[in-house]
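# here is the input, now give the coordinates:
(chains A, B and C, ligands or ions: 2)
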Amino acid sequence: MLDIAALIGPGHELAVLFGTFSFLLLIGTPVAFCLGVSSFATIAYIGLPPVVVFQRLNSGVSIFALMAIPFFIFAGELMVRGDIARRLVALAGALVGHFRGGLGQVNIMASVLFGGISGSAAADASAIGGLMVPQMKERGYDADYAVNITVVSSIIALMLPPSHNLIIYSISAGGKISIADLFTAGIIPGIVLALSLMVAAWIVAKRRGYPLEAFPGGRAIIAMLIAATPGLILVAIIFGGVRSGVFTASESSCIAVVYALLITFFVYRSLSFSEFVLAVKGAVRTTAMVLLVIGCAGAFGWLLAYLRVPAQLVAFMQTISDNPIVILLMINVILLFLGTFMDMSPLIVITTPIFLPVAIAFGIDPVQFGIIMVLNLGIGLCTPPVGAVLFVGCAVGKIPVWTAIRTIWPFYFAAVFTLMLVTYIPALSLWLPAAFR
Amino acid sequence: EMTLRSSDTHPDGYPTVEAVKYMGEQLSAATGDKLCVEVFHSAQLGEEKDTIEQTQFGVIDLNRVSLGPFNNIIEETKIPSLPYIFRSTEHMHNVMDGPVGEEILAAFEAHDLIGLAFYDGGSRSFYNSQKPINSMDDLAGLKFRVMQSDLFVDMVDALGANATPMPYGEVYSSIQTGAIDGAENNWPSFESSGHYEVAGYYTLDQHLIVPEVLVMSKLTWDKLSADDQAAVKAAAKASVPVMRDMWAAREAASEEKVRAAGVEIITDIDKTPFIEAMVPVYQKYVTTDKLKDLVTRIQATE
Amino acid sequence: MQQFMKKVARVLAIVARIALWVSGTGLVLMTAFIAWQVWGRFVLNDTPTWTESSAVIIMGWFIFLGAAVGIREGYHLSFDVLLYILPDRVKKILYSVSDITVVAFGIGMMYYGYLLAEKTWPSTIPNLGFSGGIAFLSLIFGGFLMVIFSLERLARRACGLVTARFGETELPEEDL
Ligand code: NA
Ligand code: NA
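Ligands and ions are numbered 1, 2, ... in the order given. Modelled structure (predicted):
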């Protein structure tokens, strides 16, 4: 059985840690400071030198591989401001607009195309949502349907390479899991997710009687394909570079920035200097926020290791069941629960050192576990009370959160269904990396 | 009663981790369970550079680290980290078990650390995917991955090859695709990383035979009674031969696996030109009289 | 009092803008360094060894400065469901408790950042030659700005001015 007394510690160290953390979270302290201050308080309570908190904070953000995050976010900002995203949406429209649920399918397809160059679900929701939701409303689709699809399909961006959340996972696991393998492993689950969502979109559209779009013809498709080609080449550079090992993830994300700059400045001529400054500022704001959370979570995670939480959790789970199916289900339920009220990157940093040893002890491949984790926490981004992507989606659709979540269930169901497939069919994530090797 | 927390970057079961555990058992027995040791393996408490700072501040008590991260802090540690300074593993053992080793251990105290013992870290040699390397000429122009370290970069450049700093996790696919030609490491790492699957030539030039070190926080050390301090020193020394045996066994197992995979192993090379090429490197790193003296004494040791 | 805080806001707005510009320049420099590293490896066949460590140091500056500005502009993620059901007066007290803990954390960043810089000053960063203590300067400076901006929030709230909050309140144009 779980020895609660031992887990809390003779001096209630864990109670202090989680108590302070929850209190600060509830009174609205930014997540980064909830993590940092609760670690600070607990270290002081134990009587260790508090310097370790700030050392973990500093080393937590001084990792070369982390640099991919500002670069991918920066590249995403440039693509949205420099017209690359709009061309991808146009291409998606030509490809799948004539299916049942027309613009809903286009929205999902656009997330596949854009998600291939952006690693951020929030960027996807604001870029695709900003372009698609007004169009959909205009053509007689209900706002809630447009927002639901925008929100849930943005999880695709997390699964398809590049995904900076998979980089965060690799770093949280000690930097020993190949980023190239993780990127490759996400492709099939990402496509399965897109297909599940398309089915859900089809069913809902049929029930609500949404219109069909006309097929634009092969010639139009080719024209839009050509217009979108520079964007698609970016996908090839990023994925090809990392996969082949010619570039590190940080280098290839930097090349993505340089390439996006060249295309938007010189080919599309769509980016003015003031737009460029806005893109830099936008990237700085988002990244500083995400990386401060990661740094503070570094201190929090250090304390968890010091207090032996992962080791005890492994021992505890072994007493419950020795069946990997049950263990994976438990981990999934816990992560889904945590994901409803916390954001993705801090949860990856905090829970990877706890759950990965459990998963490995039960014979689960760390690469597959990373995909499970990112998909699972990605669903959390779309759920209240804390769901950054849900908020973004509702903001671009100009509808209250409550209106959106009343009818979002078919899409949640499709996402959770995909999560179960990825959890229990290892080949979905592991076959492709093995084939590439 | 006191639990000494110890950090190690290697996973559970690795010789260094097991050696510190053995040391803890010896210490518990010697002090009647007054002192015991708990090892946090797999870099749970941070990478080596970070855990060194934590040990200096007394956050953790013991730390098993390689000498590399100390090179820029404690100058004496640069000497055993020099290329071709040791003729063989046996030579390294003789030096580090003797007065030179004691002198280097003593140098840690000025940096709030107590040097307890030296462990084996294996001997590093070059492997590549292109050709068997028998001489300096064969090295010319080849791209070798090295760690982020000035010394490694200078050494590889001095040998006429091309040093490419790169994270460890990228090496396998980079060799496979030809982005680099090879890397350098010891038997166990060459095997466990799977690099032998893509790099078919391993030349045992043993350019680096660098020991690793077990240190204690001076803050913790000062809290101990003289008897307990002696017990800690004795337990650390007792763990050294145990560690060396485990390391040798592990090296042999890795070598067998690599040989079975058909990797061409080049053993008999004339190392003299390699050593002569190191003159500028030694000039750059062996700067003070104290360091020159250490080098001379190491070379004079049997 | 409000008038005085308005003047303070004008000064701190400039400080925040400078910090954001430094951060943005850092991001552009990082891009340039890493692009140069790739260029060096593939085109010049000579990998520069200083790019990686210097880009990592710049990253520290841009994160801590950017995060400090985030306190003033209120773009940090937070979770405040509890607060919706509480009366306004209690809410303001809790926000102030939260800001005070951030001040404490910022002071910690400055003080312990200083200790770390001091302890690591004699070491050098591989391939760069700078003192190892340099890496902690951004921690100290970022902590300082966090303290300043949090104190501003406390003072503004005390005299009845708005403070920025993610997804809720934005600072008025003239205070930005
Ligand atoms: Na993506
Ligand atoms: Na959520």
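# C-alpha from now on. contacts and neighbour counts both.
Noted.
# gap between the closest residue to residue B:89 other than its chain neighbours and residue B:121?
Of all residues not flanking residue B:89 in the chain, residue B:209 sits nearest, at 6.8 Å (CA to CA, 6 or more residues apart in numbering or on different chains). Distance from residue B:209 to residue B:121, counting by CA to CA, to the nearest Å: 7 Å.
# specify which residue of the two has the higher count of neighbours.
Taking neighbours as other CA atoms under 10 Å in any protein chain shown, residue B:209 and residue B:121 compare with residue B:209 leading, 25 against 21.
# quick one, helices of the stretch 151-300 of chain B?
In the stretch 151-300 of chain B, the segments counted as helices under DSSP state H, counting those that start in this stretch are B:171-177, B:187-192, B:218-223, B:226-260, B:272-276, B:279-285, B:289-300.
# ranking those helices by burial, who's on top?
helix B:171-177 (a mean of 21; mean count of other CA atoms under 10 Å in any protein chain shown).
# that one and chain C, are they touching?
No - residues of helix B:171-177 contacting chain C under CA under 8 Å from any CA of the partner chain: none, with a closest distance of 12.8 Å.
# CSV for the helices of the stretch 151-300 of chain B, including mean pLDDT and distance to chain A?
Listed next are the helices of the stretch 151-300 of chain B as CSV, based on pLDDT from 0 to 100; distance: least, CA to the nearest CA, whole Å:
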stretch, mean pLDDT, distance to chain A
helix B:171-177, 81, 5
helix B:187-192, 89, 12
helix B:218-223, 95, 11
helix B:226-260, 95, 20
helix B:272-276, 93, 30
helix B:279-285, 92, 27
helix B:289-300, 94, 32
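# related to what we said a few turns ago, quick one: residues contacting the residue nearest to residue B:89.
Residues near residue B:209 by CA atoms under 8 Å, 6 or more residues apart in numbering or on different chains: B:80-81, B:83-86, B:88-89, B:92, B:121-124.
# so what's the residue count around residue A:153?
Counted with other CA under 10 Å, the neighbours of residue A:153 add up to 32.
# per-residue confidence for it?
Note on residue A:153: pLDDT of 91.
# residue contacts, it?
A:107-108, A:111, A:194, A:197 are the contacts of residue A:153 under CA under 8 Å, 6+ apart.
# pull the most distant pair out of those residues.
The span of the contacts of residue A:153, defined through CA to CA, is set by A:111 and A:197 at 11.2 Å.
# higher neighbour count, those two?
Neighbour count, other CA under 10 Å: between residue A:111 and residue A:197, residue A:111 has more, with 32 against 26.
# would you check how far apart that one and ligand 1 are?
Distance, residue A:111 to ligand 1, by CA to the ion, to the nearest Å: 9 Å.
# so which elements touch whatever helix or strand that residue lives in?
Residue A:111 is part of helix A:102-115 when elements are defined by DSSP states H and E. Packing contacts for helix A:102-115, counted by 3 or more CA pairs under 8 Å, 6 or more residues apart in numbering or on different chains; DSSP states H and E, involve helix A:84-96, helix A:121-138, helix A:143-153, helix A:155-159, helix A:187-208.
# could you dump the ones you listed into JSON lines with distance to ligand 2 added?
Below are the helices and strands packed on helix A:102-115 laid out as JSON lines (distance: least, CA to the ion, whole Å):
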{"stretch": "helix A:84-96", "distance to ligand 2": "26"}
{"stretch": "helix A:121-138", "distance to ligand 2": "12"}
{"stretch": "helix A:143-153", "distance to ligand 2": "12"}
{"stretch": "helix A:155-159", "distance to ligand 2": "12"}
{"stretch": "helix A:187-208", "distance to ligand 2": "18"}
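# list the contacts for residue A:366?
Residues near residue A:366 by CA under 8 Å, 6+ apart: A:177, A:356, A:359-360.
# in those, find the pair that's most separated.
The largest separation in those, counting by CA to CA, is between A:177 and A:359 at 14.1 Å.
# among the contacts of residue A:366, name the buried ones.
By neighbour count, with 16 or more other CA atoms under 10 Å in any protein chain shown, the contacts of residue A:366 hold A:177, A:356, A:359 as buried.
# just to revisit the earlier point, which one of the helices of the stretch 151-300 of chain B lies closest to residue C:27?
Closest to residue C:27 of these, according to CA to CA: helix B:171-177, at 27.2 Å.
# which other helices and strands does the closest one contact?
Using 3+ CA pairs under 8 Å, 6+ apart as the contact test, the elements touching helix B:171-177 are helix A:218-244.
# which other helices and strands contact the helix it packs on?
The helices and strands touching helix A:218-244, judged by 3+ CA pairs under 8 Å, 6+ apart, are helix A:84-96, helix A:179-185, helix A:249-262, helix B:171-177.
# at 6 Å instead, please
helix A:84-96 (3 or more CA pairs under 6 Å, 6 or more residues apart in numbering or on different chains; DSSP states H and E).
# who touches the helix it packs on?
A:79, A:106, A:109-110, A:221, A:224, A:228 (CA atoms under 6 Å, 6 or more residues apart in numbering or on different chains).
# which of these has the most neighbours?
That'd be residue A:110 among the contacts of helix A:84-96, by other CA under 10 Å, with 31 neighbours.
# pLDDT wise, what is that residue at?
In this prediction residue A:110 is given a pLDDT of 82.
# hey, where'd the helices end up in chain C?
C:2-42, C:51-73, C:81-84, C:88-120, C:137-158 (DSSP state H).
# okay, the ones you listed, which one's buried deepest?
helix C:51-73 (a mean of 25).
# so that one versus helix C:2-42, what angle?
Helix C:51-73 runs at 160 degrees relative to helix C:2-42, counting by axes from the mean of the first three to the mean of the last three CA atoms, to 10 degrees.
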